[in-house]
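*Asks:* I'd like to go over a predicted model; first the sequence, then the structure.
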Amino acid sequence: MLSKLIVSCGGTGGHYYPGLSIARKAQDKGLDVSLFLTGRRAPGQAEIAEEHGLKSNLARALSLPSIKKPWRIPLFAWRFYCDYLKAKKFLREEKPDAVLFMGSFAGVPLGLACASLKIPTFIHEGNVWAGKANRFMSKYAQKFLASFPLKNESAIQCPTVVVGMPIRPELLEENFKKPDFISHLNDEDPLVLCFGGSQGAEAINKMLRYAYDVMNARKYKLQLVQLTGSDDNAELIDFYGNSPVAVSKQSQEMGALINRANVVVCRAGASSIAELIHFKTKAVLIPYPIAAEDHQEINADYACQSNGFYKLHQSEIDQFSLANAIELQMRQDKELDFSMIDYPDAADKVLKEIFPKI
């Protein structure tokens, strides 16, 4: 009989895509695997999973009520209890051998239901600072699987193992086709790639255009690919005119773009950092200033142990500081060393911790 695994993902792509990567690897190894998805992005995420032959179960996502609105607490408590009962019913029907949590408070009702039914649970943490939901759930878990050494490991109430951050299989390819939307850019001149990730690019988008002008004034022969996360890019495209720039909302060919880039400008999400480490691409990290418990700042500090990364605070950004940071990374000619922060083959390691005999 096949071992059965449920992977619980909630919230942003930073929880979902690593979970999807693990589920796809489990599928390749012959396991019976499905996803448990919560949040407003869940329907779209389920469609992506279906493209890979994975079924998904969707559930409501609850968020903790604000202490400034105490009258919402009774309704929250009732809904939480209802979700807990639904999760127990779901687990009794599915009968999984193990459940893997990728983070987010939205998965807590399922986690408590697992504890009640004595179903083995495992937690994967993407960030260097373990989040509140994962810290709480660790008391019920067999193992806490970390992407990187944890800054707050003392808060974890079960054994911790560093396994790395699973990245999408598409990014593990050796040969990439040049994306059509950058076909007008050449393959010789330096290229800067900028994206905001799931935590927003607006502040970076506003300043990058002016930093690009500064770089041009310094006689850099520079090409730019800017992924804005926005549908409305007409003003930005008009600003760049005939410059060697490609602007798009997003791209499904991130492997090809990161592999081609000389320098990347992005947030300090754990998935982005893991992908940059894989491609050994230099980067300017701009931590999202309102990320929960300042975890992106901590991620960036960890990444900057390698000379491939440079941190710039959003409060420090103007056209000159951003241009200087990009130039610093472009000019760096030291041999890049990512070894002290690199944990490859993460999806395999996660599954080995859950099912040692596979």
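*Replies:* Great, that's in hand. Given the structure is predicted, the values throughout are model-derived calculations rather than measurements.
*Asks:* residues touching residue 150, list them.
*Replies:* Residues in contact with residue 150 (C-beta atoms under 8 Å, 6 or more residues apart in numbering) are 125, 128-130, 156, 160. C-betas here are computed from N, CA, C, even on glycine.
*Asks:* mind telling me what element it is part of?
*Replies:* For residue 150, there is no host helix or strand (DSSP states H and E).
*Asks:* SS state for residue 27?
*Replies:* Secondary structure assignment for residue 27 (DSSP: H, G, I helix; E, B strand; the rest coil): helix.
*Asks:* got the residue ranges for the helices in this structure?
*Replies:* For the chain, helices defined by DSSP state H occupy the ranges 13-28, 42-51, 73-94, 108-117, 132-137, 202-217, 234-240, 254-260, 270-279, 295-303, 319-331, 346-354.
*Asks:* with mean neighbour count added, can I get those helices in JSON lines?
*Replies:* As requested, the helices of the chain are arranged in JSON lines below (neighbours: other C-beta atoms under 10 Å):
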{"stretch": "helix 13-28", "mean neighbour count": "23"}
{"stretch": "helix 42-51", "mean neighbour count": "15"}
{"stretch": "helix 73-94", "mean neighbour count": "14"}
{"stretch": "helix 108-117", "mean neighbour count": "21"}
{"stretch": "helix 132-137", "mean neighbour count": "21"}
{"stretch": "helix 202-217", "mean neighbour count": "18"}
{"stretch": "helix 234-240", "mean neighbour count": "12"}
{"stretch": "helix 254-260", "mean neighbour count": "21"}
{"stretch": "helix 270-279", "mean neighbour count": "24"}
{"stretch": "helix 295-303", "mean neighbour count": "23"}
{"stretch": "helix 319-331", "mean neighbour count": "18"}
{"stretch": "helix 346-354", "mean neighbour count": "21"}
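*Asks:* among those, which is nearest residue 62?
*Replies:* Each of the helices of the chain has some distance to residue 62 by C-beta to C-beta; the shortest is helix 73-94, at 5.8 Å.
*Asks:* what residues does the helix or strand bottoming out on mean pLDDT in the chain touch?
*Replies:* Lowest by mean pLDDT, DSSP states H and E among the helices and strands of the chain is helix 202-217, with a mean of 90. Defining contact as C-beta under 8 Å, 6+ apart, one finds that helix 202-217 is touched by 194, 196, 222, 224, 226, 228-230, 236, 239-240, 243, 245, 265-267, 286, 314, 317-320, 322-323, 326-327.
*Asks:* now residue 289, nearest residue through space, not along the chain?
*Replies:* Closest residue in space to residue 289, ignoring its immediate chain neighbours: residue 314 at 5.0 Å, by C-beta to C-beta, 6 or more residues apart in numbering.
*Asks:* and the gap between that neighbour and residue 57?
*Replies:* 37 Å (C-beta to C-beta, to the nearest Å).
*Asks:* before we move on, what about residue 145?
*Replies:* Distance from residue 145 to residue 57, by C-beta to C-beta: 22 Å.
*Asks:* of the two, give the one with the bigger neighbour count.
*Replies:* Using other C-beta atoms under 10 Å, the more surrounded residue of residue 145 and residue 57 is residue 145, with 26 against 18.
*Asks:* pretty sure that one is touching residue 126, no?
*Replies:* No. Counting by C-beta atoms under 8 Å, residue 145 does not reach residue 126; the two are 10.1 Å apart.
*Asks:* thinking again about what came up before, what count of nearby residues applies to the residue nearest to residue 289?
*Replies:* 14.
*Asks:* that one against residue 287, yeah?
*Replies:* Yes. Using C-beta under 8 Å, residue 314 is in contact with residue 287, at 7.2 Å.
*Asks:* and the chain, what are its domains?
*Replies:* Taking automatic domain parsing as the reference, the chain has its domains at 4-165+343-354, 172-341.
*Asks:* on that earlier part again, redo the helices of the chain as a markdown table? Include distance to residue 310.
*Replies:* Output for the helices of the chain, formatted as a markdown table (distance: least, C-beta to C-beta, whole Å):
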| stretch | distance to residue 310 |
| --- | --- |
| helix 13-28 | 21 |
| helix 42-51 | 32 |
| helix 73-94 | 42 |
| helix 108-117 | 36 |
| helix 132-137 | 28 |
| helix 202-217 | 14 |
| helix 234-240 | 24 |
| helix 254-260 | 16 |
| helix 270-279 | 12 |
| helix 295-303 | 9 |
| helix 319-331 | 6 |
| helix 346-354 | 24 |
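*Asks:* any low-confidence regions in the stretch 51-200 of the chain?
*Replies:* 197-200 (pLDDT under 70).
*Asks:* which residues in it form strands?
*Replies:* Ranges of strands in the stretch 51-200 of the chain, per DSSP state E, counting those that start in this stretch, are 56-59, 98-101, 121-125, 143-146, 160-162, 191-195.
*Asks:* what's the closest of these to residue 30?
*Replies:* Across the strands of the stretch 51-200 of the chain, closest to residue 30 is strand 98-101 (C-beta to C-beta), at 15.1 Å.
*Asks:* that closest one packs against which elements?
*Replies:* Using 3 or more C-beta pairs under 8 Å, 6 or more residues apart in numbering; DSSP states H and E, the elements in contact with strand 98-101 are strand 4-10, helix 108-117, strand 121-125, helix 346-354.
*Asks:* who wins for proximity to residue 48 among the ones you listed?
*Replies:* strand 4-10 (11.1 Å).
*Asks:* pLDDT on that closest one, on average?
*Replies:* Mean per-residue pLDDT for strand 4-10: 93.
*Asks:* same deal with stretch 28-37?
*Replies:* What stretch 28-37 shows for mean pLDDT is 96.
*Asks:* much appreciated, bye for now.
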